[in-house]
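**Student:** Sequence and predicted model, in that order:
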Protein chains: 2
Amino acid sequence: MPYEPPMDGDAFRRAGHELVDWIADYWDRVEELPVLAQVGPGDIAEVIPATAPKTGEPWETIVADVDRVIVPGLTHWQSPNFFAYFPANASPESVLGELLAAGLGVQGMLWATSPACTELETRMCDWMLDLLGLPDRFRSTGPGGGVILDSASSGALIALLAARERVAGQWRMGELVAYASEHAHSSALKAVKIAGLQPDQLRLIPGDGEHAMDPVALRDAMIDDIVEDRRPFFVQATTGTTSSTALDPVPAIAAVCKDHGAWLHVDGAFAGVAAVAHEFRFVNEGLARADSYSVNPHKWLLTNFDCSLFWIADRQPLNAALSVTPEYLRNAASDAGGVIDYRDWQVPLGRRFRALKLWFVIRSHGADGLRSFIRNHVALACDLDARLASHPAFEIVAPTRFSLVTFRHVGGDAENERIRDAINASGRAYVTHTVLDGRIVLRAAIGAVRTEARHVNALAELLESLA
Amino acid sequence: MPYEPPMDGDAFRRAGHELVDWIADYWDRVEELPVLAQVGPGDIAEVIPATAPKTGEPWETIVADVDRVIVPGLTHWQSPNFFAYFPANASPESVLGELLAAGLGVQGMLWATSPACTELETRMCDWMLDLLGLPDRFRSTGPGGGVILDSASSGALIALLAARERVAGQWRMGELVAYASEHAHSSALKAVKIAGLQPDQLRLIPGDGEHAMDPVALRDAMIDDIVEDRRPFFVQATTGTTSSTALDPVPAIAAVCKDHGAWLHVDGAFAGVAAVAHEFRFVNEGLARADSYSVNPHKWLLTNFDCSLFWIADRQPLNAALSVTPEYLRNAASDAGGVIDYRDWQVPLGRRFRALKLWFVIRSHGADGLRSFIRNHVALACDLDARLASHPAFEIVAPTRFSLVTFRHVGGDAENERIRDAINASGRAYVTHTVLDGRIVLRAAIGAVRTEARHVNALAELLESLA
């Protein structure tokens, strides 16, 4: 029997228009929904049948289940009252870019499999380099360049693999040592484990009073390893840690790396994008001596997940670490060597046309619009910081340099857990916690696309009422 | 200055409707476009400005550039005349699922960060298990379960990491040996390299006359390693190789793995989905003794990239290999242990709501519709096989078990390269090549969503005219 597509062109148009409207309506009403999903384990699975239907169901039935089954089980990351973790921006333009990428359905694994996918991506990495004021060494016209990955976790991994490749043949795996701040993202340890090193081959360097890596402690740790015949090969510095947006001192760390020949990867996943506004370019300090760098437009630059930019100063060791070329992927353009095949810059082979959404976002906003977006959130964070600082029950825990406010109730850990749980159970806002200096700390990360002053004020009032 | 979003709700609705229509129009006309992009390196980059605009541009200008800048540089994977590599299905329903996932913009890294994202994903893995007739050991209600990854490359990597974890502490990294057929996908070697093994720690086992792994050669290789004090720890079998959809004999390989305690991962990325139709369930043979298994609905089951299903019989070593829990990710549900946190099943931390599109595709088609889709392509492939087999200038190189036809002109490699290049330069179809038994072989992979008999007939006529 011939295949009959259940959805023809006209039906797709109708369903597409309706779904676009549904999303617009969702964005309009999302601030009224409880931010943290108020369901228990298994509640959603219970309303999904255990097996697939034998025959196709009408589209109307299927989309109606989005409201019935899915929405109650969502934690609403696009709510303007979402202050947990870091934001996951999904601007209208980026969502349209994702739609277009899905509709075109091209693969960007090789230049030849869609030249526009590769060349737009390269251009977007160079655009972002200029927008952020990054050093020329990361420009695609030189020996390095940029790529769009799924996450900064993957960026940390491929940086580590490139660093490992650079010392391969001279040192055994068991002799290698990597370093990161004790406040570095969990992806640092995850990358170390994936790459086949033991967890104790990652040294977690203590932070200073502001939770930034102590470069003297880094140097001491490296020297200890060197005298024991181990090889310091990789350092991950963080500009804007997850817990408190602490800034590791990249210039001093770069000097230590240079002295001992270690690769320097800088993770600017959240805060790095702030550099679109010139007054935040301090976040770039020292990058001219870094080997690789990550920032995530999918956190705080209006571009829906996934869109993580990764730059490298010398792509050779990265490509050497990741390139495997079977006959069925060989083609004239790759053989001639004049093109980028981004499959050699990532773990998977296949890749989506992620550059489209970034292109839409940047062109639609312009550099000025992106700046305004960032400045607006930082101003809101400064307001919240000032308000909590002046309240007798709260104290600010770490400097508010970007749009994350870290604070605690002075009454102790239990009090902070009570406040966090009360906020999240209310559905009116969502905040998460961390631990700094052994104490529970609450975090309010401002940065959702639709967050305005009134939402931050409502959070402050909620906090004050619970204090 | 306050942030002014360039696109408000009404503008998003308008732009969204127009883009949906643009995609519907694109799908209508894509068969008229040259399948392989007819541009040279740099041609697309040249028409993209070198820097981002200072101020925002009107949406109309931006989308007009999709036609002007992007489309000429695309290789049209959604063309019904696309027969290269393997297909990359993007059905209307899956594209709408991707749109919805982008619009909701939730993160599925933890159960708590959107319970519906995790629980729908788990349900979809169980649905697919039943649709494909897979063994119960992969069902989520047991010690194993399924997850949706970006690619089968990532599946091969995490399977290898789980296998490595299972022998960690007993054997040193340098003593481990992995095995795959010489016809296995390049991701096998890529995974080995990423995981910190040397390339020579992957043994490529010779294929038999049909390019399937020889299990006797596998056993011999393992025994050679064991007597040299090395530890066979991982075997990757392939059901449907990239070059010729050869079927490694999984039952015999499983017996060898069991005897020597090696992890068995089966890569059914392309052909595995054929098992939705019962007559193709031979592709599942032996899976009841596999430790992990991958299939890609994003290749040949109507679901746009990325959507790669990965099942594992015992999730414990996988989670042990990948789990790193910093304070800022701790939450009550995870601490209580009754939920799945899919971040521990993959390399990145963040994750999209990929299950939505698979839910849309399965419900819209039903099991019967999915079967019909697969059967249709296999029938077309058999027709092409018969037609080429009866032509004096062509010979079929490997059995057409699924929807890939491998063939060659009897005139030798240069003749086959000439025919391939002529087809691809014509823009009327796109085929790629491989090498089997030292000779260039052409591949026609039938499986694009819009491929009908007339497109396959046109390819056959083109081949005959070039012969």
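**Tutor:** Yes, it's here. Just so it is clear, the model here is predicted, and its values are computed rather than measured.

**Student:** Phi, psi for the closest residue to chain B within the stretch 151-300 of chain A please.
**Tutor:** Nearest to chain B, among the residues of the stretch 151-300 of chain A, is residue A:196, at 2.2 Å (Cβ to the nearest Cβ). Glycine gets a C-beta too; all of them are placed from N, C-alpha and C. The phi/psi pair for residue A:196 (degrees, to the nearest 10) reads phi 90, psi 10.

**Student:** can you tell me which residues contact the closest residue in space to it that isn't next to it in sequence?
**Tutor:** Leaving aside its chain neighbours, residue A:196 sits nearest to residue B:196 (2.2 Å; criterion: Cβ to Cβ, 6 or more residues apart in numbering or on different chains). Each residue near residue B:196 by Cβ atoms under 8 Å, 6 or more residues apart in numbering or on different chains is listed here: A:164, A:173, A:195, A:196, A:197, B:173.

**Student:** low-scoring stretches of the stretch 101-250 of chain A, by residue?
**Tutor:** Scanning the stretch 101-250 of chain A for pLDDT under 70 picks out nothing.

**Student:** Just put the contacts of residue B:196 in a markdown table and tack on secondary structure and distance to residue B:160.
**Tutor:** Output for these, formatted as a markdown table (DSSP: H, G, I helix; E, B strand; the rest coil; distance: Cβ to Cβ, whole Å):
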| residue | secondary structure | distance to residue B:160 |
| --- | --- | --- |
| A:164 | helix | 16 |
| A:173 | helix | 15 |
| A:195 | coil | 12 |
| A:196 | coil | 10 |
| A:197 | coil | 15 |
| B:173 | helix | 12 |
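
**Student:** List just the nearest of the residues you listed to residue A:253.
**Tutor:** When the contacts of residue B:196 are compared for distance to residue A:253 (Cβ to Cβ), residue A:164 comes out closest, at 19.1 Å.

**Student:** Next, count neighbours for that closest one.
**Tutor:** By other Cβ atoms under 10 Å in any protein chain shown, the residues close to residue A:164 number 24.

**Student:** can you pull the contacts of residue A:364?
**Tutor:** Counting by Cβ under 8 Å, 6+ apart, residue A:364 makes contact with A:93, B:6, B:7, B:56, B:57, B:59, B:62.

**Student:** Please apply the same query to residue A:30.
**Tutor:** Counted by Cβ under 8 Å, 6+ apart, residue A:30 has contacts A:76, A:78, A:79, A:80, A:450.

**Student:** at 6 Å what do you get?
**Tutor:** Shown in contact with residue A:30 (Cβ atoms under 6 Å, 6 or more residues apart in numbering or on different chains): A:76, A:78, A:79.

**Student:** One more: residue A:393?
**Tutor:** By Cβ under 6 Å, 6+ apart, the contact set of residue A:393 is A:409, A:410, A:467.

**Student:** Now the last one. Nearest residue, chain neighbours left out?
**Tutor:** Going back to what we said before, that points to residue A:467. Distances taken as Cβ to Cβ, 6+ apart place residue A:393 nearest to residue A:467, at 3.8 Å, with adjacent residues excluded.

**Student:** Tell me the spacing between the one you found and residue A:463.
**Tutor:** Distance check for residue A:393 against residue A:463: by Cβ to Cβ, to the nearest Å, it reads 9 Å.

**Student:** same question, residue A:382
**Tutor:** From residue A:382 over to residue A:463 (counting by Cβ to Cβ), the distance is 16 Å.

**Student:** One more: residue A:370?
**Tutor:** 30 Å.

**Student:** Same question for residue A:160.
**Tutor:** 39 Å.

**Student:** cool, residue A:396 as well?
**Tutor:** Distance of residue A:396 to residue A:463, given as Cβ to Cβ: 12 Å.
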